[in-house]
Each structure stands twice: as structure tokens, then as C-alpha cells.
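Visitor: 3D model of this:
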Amino acid sequence: MNKMNHKMRGIMLAITGAIFWGGSGVCAEYIMQTKGISSSWLVSVRMLSAGTIILSYLFAKDGKKAFDLLRTRKNRLNILVFSLVGVVLLQFSFFKAIESSNAATATILQYLSPIFIVIFFIIESKKIPNKMSVFSIVLSLVGTALLVTKGDLTSLSISTEGLFWGLMAGVLGAVYIIQPRKIMAEFGTIAVTGWGMLIGGLIFQLYHPVFKDVPRLDMTSLLLISYIVVFGTVFSYICLLHSTRFIPAQFSSLLTSFEPLSSALFSSLFLGSVILPIEVVSMLIIIFAVFLLSRNGDME
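Guide: Here you go, the predicted structure:
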């Protein structure tokens, strides 16, 4: 019974983290469309704030050990690359995808990252992929095609810019997982993510400082930005990470399918977006393709 309770706790944590992330995209879409807040300014605030919160927690928990990751030149270089590619560009591309299309589409395109991970490992290992891998990749491409064309393969239903940034978010999501594997194994995911976000946020100031083009913020904007930072970033990450204490990481990753589903549901409920049957079908196809890859073991 205790084992079953632990499993249910892990499942609920993973689902909660995924829903928090899906909700953050909808919040971002709303304030960018109705409050005149740019994706660049939002990314700048999100990374700096989330990085500061995570590292403050880590410092309070571990003291000076929180700085161990920065003690060698090699690790500093690794975290710098992670900050630039896996954090700055990922966050920027995700919010640009939302700005150019909508939260539901951006989230499902980012959800393609496991497909790109498998493609990367196939190229790296120079092995011929098995039939299940090929089938899953083809299935994900079919789902993506249906999503961005709404079933009319002769034209795109979203802008070329939205498609580009959405796919870029998927590619960079794969980089986010692959690139820091060694330093995460040594220092832990919290330290790597916290430093990655803070350093990435500081670097992003060179492109768009938080004090540049500051929008007029009403109470609604402040509350939604707080949700994006605290729940959509910090708590989402902590819930997904903590879930792996109770259920296998592979099972936890499958439950992130609630990200695009929750994003689509929230968009429909709060933004009045109409979710067409073909879009639901395309989302389910992509989620199923990722599920097959996970069951096949090629994501490990």
C-alpha cells in the first residue's frame, strides 16, 4: 500500500508539473496579445527571476556547496554553453513561437524534442534505427503536418515564423536535455538549471535588459508574470524532478504529455480558442509517437 501511495504521489507530481508548464504558455500568450508585453522582455524577466529563486533555495539548502559547479574552467565553459543554447535560445524560441502562433501549437511543437533526441543519438551512434524508431519519427512528422496545416496539406495554418520558432524550441529542448548530461550527473539538476537560468538571464541582458521597453504593468499582468516564473518555471521544474523519486524517469517523461493537452484546454477555456477535431487528432498522434519512442527504450 505504501509503495502504491508513493507511485501515485510521483504520478500526481509529474502531471502537476506538466500542467503548470502548459498553463504558463497560455498566460504568456494572453499578456503578449492583450498587454503589449514583448516576448524578449518576458524571457529576460523569467530567466533572471527563476534563476535567482532556484539558486536562493540551493544556497539556503547547501550553503557554499551551491558554488561548486563554477570552481573549474571546464565546468564554467559547460554551463556557459548550456546557458546560451539550452536556456537562452530555448526560452526565446518558445516565447517567440507563442507570439507568432499560439500557446497550444508552440507547446506541442516543443513536445517534439524527444524525436530530435532520438535522431541525434542515431546520428551519433551511426547505427541504423530499428523499425519502431523509424515508425515513431514518421508518425510524429504526420502529426506535425496535420497540426500546422489543419488537414489541408496545400497550405500552412500558422505563420512560417511560428512554425520555425516552434520547431526550433523542439530542437533546443533536445539540446537542453543532451548537452548538460555530465555536469548534471556530477552536480545535480537543480544546480545546473539554476545557474543556467541565472547566467542565461544575465547574458540575455545584453540583448534585452529588463529595464528596456518596460511595459505598463497592471495587477493582472503582474499576477500572470508571477505565475509564469513561480509556477510555470520553478514549481513546474521541481515537481517534475521530484516525481522521479517515486516513479521511473521514463514514466515521468511520458506524463509530460499533459503539457500540450493542458495548454490546448486552457487556451480554449480562457482565451476562447477553438480547438478543431483535426488539431486534437494531430496532438494525440504526436503524443503517441513520443510514447512509442519511450517504450522502445531509445530515449534512455
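Visitor: check contacts around the closest residue to residue 158 other than its chain neighbours.
Guide: In space, and not counting its chain neighbours, residue 158 is closest to residue 101: 4.4 Å by C-beta to C-beta, 6 or more residues apart in numbering. Just so you know, the C-beta spots here come from the backbone N, C-alpha and C atoms, and that holds for glycine as well. Residue 101 makes contact with 158, 159, 162, 163, 166, according to C-beta atoms under 8 Å, 6 or more residues apart in numbering.
Visitor: what's the single longest helix in this structure?
Guide: Counting by DSSP state H, the longest helix found in the chain is helix 2-34.
Visitor: Distance from the chain centre to that helix, please.
Guide: Helix 2-34 sits 12 Å away from the centroid of its parent chain (C-alpha atoms, centre = their mean, to the nearest Å).
Visitor: and the helix or strand that that helix is followed by, what other elements does it pack with?
Guide: Sequence order places helix 39-62 as the next helix or strand after helix 2-34, per DSSP states H and E. Packing partners of helix 39-62 (3 or more C-beta pairs under 8 Å, 6 or more residues apart in numbering; DSSP states H and E): helix 2-34, helix 90-100, helix 189-204.
Visitor: Kindly provide the distance from residue 199 to residue 102.
Guide: Per C-beta to C-beta, to the nearest Å, residue 199 is found 30 Å from residue 102.
Visitor: what residue ranges in the stretch 1-150 of the chain score low on pLDDT?
Guide: Residue ranges of the stretch 1-150 of the chain with pLDDT under 70: 1-4.
Visitor: let's see 50
Guide: Filtered on pLDDT under 50, the stretch 1-150 of the chain yields the residue ranges 1.
Visitor: circling back to that earlier point, now do the phi/psi pair for the residue nearest to residue 158.
Guide: Torsion angles at residue 101 (phi, psi; degrees, to the nearest 10) stand at phi -130, psi -100.
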